[in-house]
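S.K.: turn this into a structure:
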Amino acid sequence: MKKVIKLKARIAEKEVKQIFIDTDFIRLDAALKLCDAVGSGGIAKMIIQDGEVRVNGEVCVQRGKKLHGGDEFGFDGKYYEVVKK
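M.R.: Model prediction:
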């Protein structure tokens, strides 16, 4: 006789923090530094090239990727939204 086990799982909602910019865009590496996700530009470069950063839900390996108002990026389980002032 087979035993049936029922599991309940909850999908956690992701918390999105906002970063505000005065310009039309911000580069991905600069955005990571601005929100204190990384300590330096060198570290930002490495994690971007290693494919650890997602932009708008897709892996991004372009360090100079331009982020505009409304774009989202994430690293290490934390998510950020770019907001133009």
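S.K.: so who does Val61 touch?
M.R.: 48-49, 51 (Cβ atoms under 8 Å, 6 or more residues apart in numbering). Every residue, glycine included, has its C-beta placed from N, CA and C.
S.K.: buried subset of the residues you listed?
M.R.: Buried by 16 or more other Cβ atoms under 10 Å: Ile48, out of the contacts of Val61.
S.K.: could the contacts of Val61 go into TSV alongside secondary structure?
M.R.: Output for the contacts of Val61, formatted as TSV (DSSP: H, G, I helix; E, B strand; the rest coil):
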residue	secondary structure
Ile48	helix
Gln49	helix
Gly51	coil
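S.K.: redo the contacts of Val61 as JSON lines? Include distance to Gly70 and pLDDT.
M.R.: Shown next, in JSON lines, are the contacts of Val61 (distance: Cβ to Cβ, whole Å; pLDDT from 0 to 100):
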{"residue": "Ile48", "distance to Gly70": "20", "pLDDT": "97"}
{"residue": "Gln49", "distance to Gly70": "25", "pLDDT": "96"}
{"residue": "Gly51", "distance to Gly70": "23", "pLDDT": "96"}
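S.K.: let me know the closest of the contacts of Val61 to Lys85.
M.R.: For the contacts of Val61, the minimum distance to Lys85 (Cβ to Cβ) is 25.0 Å, reached by Ile48.
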